[in-house]
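Student: coords please:
(one chain, ligands or ions: 2)
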Amino acid sequence: KRPFIIDCDTGTDDAIAIIAALYSDEVEVRAITSVNGNVEHKYVCQNNLDLMEYLGQDVPVAKGAVKAIRDMNLHSNDGTHGPTGLGTLTLPAAQHKQFDPRIAAQVIYETAVEEKGELELLVIGPMTNIAIALLQYPDLPGLIKHIWFMGGAAVGGNVNTTAEFNIWVDPEAAHVVLESGIPMTMAGLDVTLKAAMIEEDAAELRACGTRGADFVADLLEFMFRRRDNGHEDALMHDALALGAALCPECLVCKDCFVDVECFGQYTRGHTAVDLKGRSGKPANVSVALEIDVPRFRRWLVDTVKNSAKLGDK
Ligand code: BDR
Ligand code: CA
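Tutor: Ligands and ions are numbered 1, 2, ... in the order given. You can find the predicted model right below:
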């Protein structure tokens, strides 16, 4: 199996990506590391811990960065993910599972060393933990096989006209990660905005009846209600980054040079994606540009339904 660490700000769609990774035949989730983002860090950590205990998963959960590298502000989302990150759902509070005593950056580094260059990172929140790890452990780039991230956009943004939330929260961190030389793939907002699940998907998962599939169906139903109240679709921003790793056929990608605007008056957090090669700089990111939505939805539903085969309750 492919060893992964998931660095996340759970988050409704983060939770769905985590569940898909847990039940994929191809992946071994080696740890979950938490970062401030969709909701405050304390909620993210608790969501990750509760989710692992609820699903009976013996996966280490680590705390991570509370604030962004430079501006030290604690940016959290606007309530899109509900008051504590899982919509209106509440998981039973973990009774037995404890946090890993190590901080995220240390977990990432030590796991990378153990995996001898095979570790892949699924990065689906602000990139602060990854940047801290890179700044602290200079040999880390050579130990990471690939980073699959949700963040940025070739065009547009969701915080302002040009910045996507994960990158906007901590542009300096994203810059450190993008210039690390680690092979990476970007599932940006302009593509993830198309990755919407529909009622049929929730019904199929509900019929599957496992704890994991039921929880994803609950999250989707929360998202449908939110959509019906005029907010965004049931968008699988984060699961699409996992899809890039596990179902590459559902995306068309292009190798491009990508960097982040850290200074702009209006554009801080904008990902400059050099689609036409005008900068003359070598490509550092494989950027998703097109998505086969039915294929992606099929893959995601099937992967979560795999929980039945793996003996989830
Ligand atoms: C990103 O921000 C969060 O709302 C989602 O979890 C996703 O990672 C989309 O901009
Ligand atoms: Ca996220």
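Student: list the residues that contact the closest residue to G181 other than its chain neighbours.
Tutor: In space, G181 comes closest to P141 once its chain neighbours are excluded; the distance is 5.1 Å by Cβ to Cβ, 6 or more residues apart in numbering. In this view, the C-beta of every residue, glycine as well, is placed from N, C-alpha and C. Shown in contact with P141 (Cβ atoms under 8 Å, 6 or more residues apart in numbering): L134, S180, G181, I182.
Student: so what pLDDT did the second one get?
Tutor: Taken from the predicted model, the pLDDT recorded for S180 is 98.
Student: do the first one as well
Tutor: With respect to pLDDT, L134 has a value of 98.
Student: which residues touch it?
Tutor: L140, P141, V176, V177, S180.
Student: low-confidence regions, this protein specifically.
Tutor: Low-confidence segments of the chain, defined by pLDDT under 70: 72-76, 312-313.
Student: would you map the helices across it?
Tutor: 12-23, 41-54, 104-115, 128-136, 165-169, 171-178, 189-192, 199-208, 211-228, 237-246, 293-309 (DSSP state H).
Student: related to what we said a few turns ago, reformat the contacts of P141 as TSV; add distance to L89.
Tutor: Converted to TSV, those look like this (distance: Cβ to Cβ, whole Å):
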residue	distance to L89
L134	34
S180	35
G181	40
I182	34
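Student: which one of the residues you listed is nearest to A195?
Tutor: I182 (24.0 Å; Cβ to Cβ).
Student: list the helices and strands the longest strand anywhere in the chain packs on?
Tutor: Longest strand of the chain, by residue count under DSSP state E: strand 251-260. Under the contact criterion of 3 or more Cβ pairs under 8 Å, 6 or more residues apart in numbering; DSSP states H and E, strand 251-260 touches helix 171-178, strand 184-187, helix 237-246, strand 271-274, strand 285-291.
Student: now it: buried residues?
Tutor: L251, C253, C256, F257, V258, D259, V260 (16 or more other Cβ atoms under 10 Å).
Student: ok, the last one to V169 distance?
Tutor: Note on V260: its distance to V169, by Cβ to Cβ, to the nearest Å, is 12 Å.
Student: overlap in contacts, these two.
Tutor: G269.
Student: ok, back up a step: can you redo the helices and strands packed on strand 251-260 as CSV with mean neighbour count?
Tutor: Formatted as CSV, those follow (neighbours: other Cβ atoms under 10 Å):
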stretch, mean neighbour count
helix 171-178, 24
strand 184-187, 25
helix 237-246, 27
strand 271-274, 20
strand 285-291, 22
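Student: which one of those lies closest to ligand 2?
Tutor: Nearest to ligand 2 among those is helix 237-246; the distance by Cβ to the ion comes to 4.8 Å.
Student: between helix 211-228 and that closest one, find me the angle.
Tutor: 130 degrees (axes from the mean of the first three to the mean of the last three Cα atoms, to 10 degrees).
Student: hmm, helix 237-246 in reach of ligand 1?
Tutor: Yes - using Cβ under 6 Å from any ligand atom, we find that helix 237-246 touches ligand 1 at H237, D238.
Student: just the CA coordinates for that helix, please, in CSV.
Tutor: C-alpha atoms of helix 237-246 as CSV (Å, rounded to 0.1, in the frame of the first residue of the first chain):
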residue,chain,number,x,y,z
HIS,A,237,-12.6,20.2,-3.1
ASP,A,238,-10.4,18.0,-0.9
ALA,A,239,-11.4,14.5,-2.2
LEU,A,240,-10.4,15.7,-5.6
ALA,A,241,-6.8,16.1,-4.4
LEU,A,242,-7.0,12.4,-3.3
GLY,A,243,-8.6,11.6,-6.6
ALA,A,244,-5.6,13.0,-8.4
ALA,A,245,-3.5,10.5,-6.6
LEU,A,246,-5.8,7.5,-6.8
